[in-house]
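>>> coordinates only, sequence not included:
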């Protein structure tokens, strides 16, 4: 098991960590360059949450594949600290109405190439919006004690 939130060597408090890393800077910033070359990983998921700014505050949304299948997000890990980060990119048309970023999601065909270091970072495009669905969910998701099916039910 690894901790979500990459813990770089200079971080004094391990409670923090870098949960997301922008694709635009991952090959430039020193903390990520070595990891990009040697420590790529896949982060499996069935969905993820993003919060949309509204007049009534931030409304959580659940985003997943229309097939409801598992998918993989691009990640980098540090084996010394047993921590990882998820790489984000600009959103596709579906997500841009909710948030300014989205995780890099791979098709099953791409996963192997990512792990074998055969996908260049500048080729990490947003996942096709026609294969995804997003909808608002209850604010229950804002509390970690609510870890059940109700957090992803459409409201």
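On my side now, so go ahead. All values derive from a computational prediction rather than experimental measurement. Numbering: from 1, shown residues only.
>>> only C-alpha atoms from now on, for both contacts and neighbour counts.
Fine.
>>> not counting sequence-adjacent ones, nearest residue to the residue nearest to the spatial centre of the chain?
Central residue of the chain (CA atoms, centre = their mean): residue 103, 3.7 Å from the mean position. Residue nearest to residue 103 in three dimensions, not counting chain neighbours: residue 88, with 4.1 Å by CA to CA, 6 or more residues apart in numbering.
>>> tell me the secondary structure for the one you found?
Secondary structure for residue 88, judged by DSSP: H, G, I helix; E, B strand; the rest coil, is strand.
>>> distance of it relative to residue 18?
For residue 88, the distance to residue 18 equals 12 Å [CA to CA, to the nearest Å].
>>> what's the answer for residue 43, then?
Between residue 43 and residue 18 the computed distance is 15 Å (CA to CA).
>>> repeat that for residue 91.
Distance, residue 91 to residue 18, using CA to CA: 19 Å.
>>> what's the answer for residue 46, then?
22 Å.
>>> next one: residue 44
Here the criterion is CA to CA. By it, residue 44 lies 18 Å from residue 18.
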